[in-house]
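> Based on what follows, work out the 3D shape:
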Amino acid sequence: MSLTEQLDLKNGETLRRESSRETGPLGNIDITNYSVLDAHGDVVGKVEYTEDMAIKGFKVTHKAVRTDLEGKTVLQKFW
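Purely as a prediction, here's the structure:
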């Protein structure tokens with residue numbers, strides 16, 4: 001399932017990539033920040049998406065946290 005499907009975006013909402021970084025002992029964790037835009041292009045929220053590849057076993061886990069403009073968590077999903 002794609003990130004947009006996991007976030008249950010409303011009709012007309014889109015994601016705009018803002019920044020990304022790597023962390024972890026071997027750079028195995030990718031963190032990407034997005035703005036959530038409404039149909040008019042106005043920012044209505046933020047998303048932090050984390051993709052973590054385990055060093056042993058190479059299992060990949062995903063985490064997405066969506067917040068509103070006040071910083072309150074609206075949605076948090078793991079898969």
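
> Can you show me the CA trace of the helix or strand harbouring residue 49 as PDB?
In the assignment (DSSP states H and E), residue 49 maps to strand 43-53. What follows is strand 43-53, C-alpha atoms only, in PDB (Å, rounded to 0.1, in the frame of the first residue of the first chain):
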ATOM      1  CA  VAL A  43      -1.200  23.700   3.700                       C
ATOM      2  CA  VAL A  44      -3.600  21.900   6.000                       C
ATOM      3  CA  GLY A  45      -1.200  19.600   7.800                       C
ATOM      4  CA  LYS A  46       2.100  17.800   7.900                       C
ATOM      5  CA  VAL A  47       3.300  14.200   7.600                       C
ATOM      6  CA  GLU A  48       6.500  12.600   8.900                       C
ATOM      7  CA  TYR A  49       7.100   9.300   7.200                       C
ATOM      8  CA  THR A  50       9.800   6.900   8.500                       C
ATOM      9  CA  GLU A  51      11.100   3.900   6.700                       C
ATOM     10  CA  ASP A  52      13.300   1.700   8.800                       C
ATOM     11  CA  MET A  53      15.300  -1.300   7.400                       C
END
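
> Sheet-wise, list the partners of it with their directions.
Taking DSSP bridges as the criterion, strand 43-53 forms sheet pairs with strand 29-37 (antiparallel), strand 60-67 (antiparallel).

> Give the residue spans of this protein that score low on pLDDT.
For the chain, no stretch has pLDDT under 70.

> in the sheet, who's paired with the most centrally placed residue in the chain?
Taking Cα atoms, centre = their mean, the centroid of the chain lies closest to residue 49, which sits 2.5 Å from it. Beta bridges link residue 49 to residue 32, residue 64, judged by DSSP bridges.

> Now do the contacts for the nearest residue to residue 1 once chain neighbours are set aside.
Nearest in space to residue 1, with sequence neighbours left out and distances taken as Cβ to Cβ, 6 or more residues apart in numbering, is residue 79 at 6.9 Å. All C-beta atoms are positioned from the backbone trio N, CA, C, and that covers glycine. When contacts are counted by Cβ atoms under 8 Å, 6 or more residues apart in numbering, residue 79 touches 1, 6, 61-62.

> Among these, which one lies nearest to residue 74?
Among the contacts of residue 79, residue 6 lies closest to residue 74 (Cβ to Cβ), at 13.0 Å.
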